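Undergrad: Quick one: sequence and predicted model below, then my questions.
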Amino acid sequence: MKFSRLIKQVLVCLCLFALTGQAIADPLAKVKRELADLKSAYSAYHAGDYAKAGKLFEPIAEQGDVSIQIQLCSMYRMGDDTSHVYKGAVRWCRQLAEQGDSFGQWMLGVMYDQGKVVPQDFKEAVRWLRLAAAQGDSDAQRWLGTMYYQGEGVLQDYKEAARWFRLSAEQGNADGQGWLGGLYQQGGGRATRLRSGVYVDKYCCR
C-alpha cells in the first residue's frame, strides 16, 4: 500500500516536472525562433529582398515592436509600385502616425503627396507633415516647406516655406539647407556657404 502511494507520488512529481519543463521550454523556443526570423529578415533586407524581409518582420511588428514597425514603414522608399512591401508599408506608417510617431506621420504625409500607394491628397499630406514637423522632425519640416513653396495643399507662401526650411536647416538637414539657400538665392538674399556645400541665408525671416 505504501509502495503504491509512493509510486503515485513519484508519478505526480514527474508530471509536474514535465509540465514545468515544458512551460519553460516553450517560451525559450519561441524566443529563439523570433531571433532567427529577425536575423533572416535583416539579412533579406540588406540583400535587397524586401518582400521576404517584410514577411519576416510583420509577425514581430504585430506584437507591438515599434522599431520593427518603423522598419516596415521605411520600406515605402525601398520597394517598387507593385511590391507587397511597398503597399504594406502604408498600413504600418498609418498605425505609427495615428499613435503620434513623427516618422510615421512624415512618411504618411509623403505618401499622400506622391500619390503612389494612396490617392494623392495634398491637404492630407500637409496635415500629417505638419504634425510631424511640430514634433521637430527635420525631414517633415523640409517637406512641409516645399508644400508652401509650391502651393500644394496650402496657399503658396515663400515666407512660411522659408520658416520651415530654416527649422530643418538648423538641425543640420542638408535638404533643408539646400532648399533654404536656393529660395534666398532666387530672392537675392545674402547667403553664406556652409561646409556641406549648400547656401543658407543668415538673415532669413528676421
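TA: That came through fine.
Undergrad: Okay, helices next: where are they in the chain?
TA: 2-46, 50-62, 66-74, 84-98, 102-114, 122-134, 138-150, 158-169, 174-186 (DSSP state H).
Undergrad: Output those helices as TSV; include the columns mean neighbour count.
TA: Placement of C-beta: from N, CA and C, glycine included. Formatted as TSV, these follow (neighbours: other C-beta atoms under 10 Å):
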stretch	mean neighbour count
helix 2-46	11
helix 50-62	19
helix 66-74	19
helix 84-98	20
helix 102-114	24
helix 122-134	21
helix 138-150	24
helix 158-169	22
helix 174-186	20
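Undergrad: Dump those helices to CSV, plus mean pLDDT.
TA: Below are those laid out as CSV (pLDDT from 0 to 100):
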stretch, mean pLDDT
helix 2-46, 63
helix 50-62, 86
helix 66-74, 90
helix 84-98, 84
helix 102-114, 96
helix 122-134, 98
helix 138-150, 97
helix 158-169, 95
helix 174-186, 89
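Undergrad: Please tell me how far residue 71 sits from residue 116.
TA: Per C-beta to C-beta, to the nearest Å, residue 71 is found 20 Å from residue 116.
Undergrad: Just want the most central residue of this protein.
TA: With distances taken as C-alpha atoms, centre = their mean, residue 70 lies nearest the centre of the chain, 3.5 Å away.
Undergrad: Who are the contact partners of it?
TA: 92, 96, 101, 103, 104 (C-beta atoms under 8 Å, 6 or more residues apart in numbering).
Undergrad: State the distance from it to residue 97.
TA: For residue 70 relative to residue 97 (C-beta to C-beta), the value is 11 Å.
Undergrad: Find residues that contact each of the two.
TA: Taking C-beta under 8 Å, 6+ apart as the criterion, residue 70 and residue 97 both touch residue 104.
Undergrad: was I right about residue 179 contacting residue 165?
TA: Yes. Here residue 179 lies in contact with residue 165, judged by C-beta atoms under 8 Å, at a distance of 4.7 Å.
Undergrad: so what sits against both of the two?
TA: With C-beta under 8 Å, 6+ apart, residue 179 and residue 165 have common neighbours 142, 145.
Undergrad: Next one: the residue nearest to residue 105 when sequence neighbours are not counted from residue 75, what distance?
TA: Sequence neighbours aside, residue 132 is the residue nearest to residue 105 in space, at 3.7 Å (criterion: C-beta to C-beta, 6 or more residues apart in numbering). Shown here: residue 132 relative to residue 75, a distance of 18 Å by C-beta to C-beta.
Undergrad: just residue 53 next, same as before
TA: From residue 53 to residue 75 the distance is 7 Å (C-beta to C-beta).
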